[in-house]
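>>> Pasting the sequence and the predicted model now:
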Amino acid sequence: MPNETILIIEDEKDIFDILKFNLQKERYKVQFAISGEDGLDMIYKSKPDLVILDLMLPGIDGFEVCRQIRHDSALVNLPIIMLTAKDSESDIVTGLELGANDYISKPFSTKILIARIRKALRQDGDKSFSNDKIIKIYDITLDPGRHEVFVADQPVSLTSTEFKLLQILASRKGWVFDREQLINALHDSSYIVTDRSIDVHFVGLRKKLGKAGRYIETVRGVGYRLNEKQI
């Protein structure tokens, strides 16, 4: 039975009450913060297993909260689900670029939200994608066991999704993975994700890898691969 702790950062009491009732029914422990500042304090003090994050918060907004979480190497794998009335494509893209694991618009289905929570928590604890063998390609080093990436011996902070995408490409250098394969490798059929989401994650991954990002090649109309030859 679930015993994970979920922190809800939400300033609308009605929304929190709905979330608390349904999450506690599923045996999750629930914590609450009404502002971005309070939420960050709670994260450092109580170390929750997952964060449900509203975007329209008093003080610093949800985007900034997500940004600060992902800039802390100790929190890079903390699952974040954004839950908000801001549902434009640009908002969704921004949330994913900042490192959110998922994005659900209000009004929402509690059943779908709980399914997404379960999936995010399984992904955070799932180490079965491959073994812990260190992968070295060109000047990129991946250490799956420690969930670390180095470029030219300098550490690079990646989100869990970015790390998995890089690990997938690095597992078969030169092999073209289409978007459907990448989606299936990241998520099961209960997870709703789009081709656009995959593209956004690769944009962020390339930026973080700096010059080494050039090794990730877009195969137009198909997907992505890691260049077979060093550039």
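Yes, it's here. Residues are numbered from 1 along each chain as shown.
>>> drop to CA atoms for contacts and neighbour counts, all remaining ones
Noted.
>>> pretty sure K86 is in contact with I104, am I right?
No - at 9.4 Å, K86 and I104 do not qualify as touching, with contact defined as C-alpha atoms under 8 Å.
>>> Domain ranges for the protein, per the record?
Split into domains by automatic domain parsing, the chain comes to 5-125, 135-226.
>>> Would you format those domains as CSV with mean pLDDT and mean neighbour count included?
Listed next are the domains of the chain as CSV, based on pLDDT from 0 to 100; neighbours: other C-alpha atoms under 10 Å:
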stretch, mean pLDDT, mean neighbour count
domain 5-125, 89, 18
domain 135-226, 84, 16
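>>> which residues does the most centrally placed residue in the chain contact?
Closest to where the C-alpha atoms of the chain average out (C-alpha atoms, centre = their mean) is N101, at 3.0 Å. By C-alpha atoms under 8 Å, 6 or more residues apart in numbering, the residues touching N101 are P79, I80, I81, A120, T161.
>>> Look up phi and psi at it.
Note on N101: its backbone torsions stand at phi -80, psi -30 [degrees, to the nearest 10].
>>> Check the one 4 residues further on too.
Torsion angles at S105 (phi, psi; degrees, to the nearest 10) stand at phi -90, psi 150.
>>> if we look at the sheet, which residues does it bridge to?
Taking DSSP bridges as the rule, S105 bridges to T84.
>>> Quick check, it in contact with T84.
Yes - here S105 lies in contact with T84, judged by C-alpha under 8 Å, at a distance of 5.1 Å.
>>> tell me, what's touching the two both at once?
By C-alpha under 8 Å, 6+ apart, S105 and T84 have no common neighbours.
>>> Can I get stretch 15-33 in PDB, CA atoms only?
Only the C-alpha atoms of stretch 15-33 are listed here, as PDB (Å, rounded to 0.1, in the frame of the first residue of the first chain):
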ATOM      1  CA  ILE A  15      -8.700  22.300  -4.400                       C
ATOM      2  CA  PHE A  16      -6.500  21.200  -1.600                       C
ATOM      3  CA  ASP A  17      -9.400  19.600   0.300                       C
ATOM      4  CA  ILE A  18     -10.400  17.600  -2.800                       C
ATOM      5  CA  LEU A  19      -6.800  16.500  -3.300                       C
ATOM      6  CA  LYS A  20      -6.200  15.600   0.400                       C
ATOM      7  CA  PHE A  21      -9.400  13.500   0.600                       C
ATOM      8  CA  ASN A  22      -8.600  11.500  -2.500                       C
ATOM      9  CA  LEU A  23      -4.900  11.000  -1.800                       C
ATOM     10  CA  GLN A  24      -5.500  10.000   1.800                       C
ATOM     11  CA  LYS A  25      -8.100   7.400   0.500                       C
ATOM     12  CA  GLU A  26      -5.100   6.000  -1.500                       C
ATOM     13  CA  ARG A  27      -3.100   5.900   1.700                       C
ATOM     14  CA  TYR A  28      -0.700   8.700   0.700                       C
ATOM     15  CA  LYS A  29       0.600  11.100   3.400                       C
ATOM     16  CA  VAL A  30      -0.300  14.600   2.500                       C
ATOM     17  CA  GLN A  31       1.400  17.900   3.200                       C
ATOM     18  CA  PHE A  32       0.300  21.400   2.300                       C
ATOM     19  CA  ALA A  33       1.800  24.800   1.500                       C
END
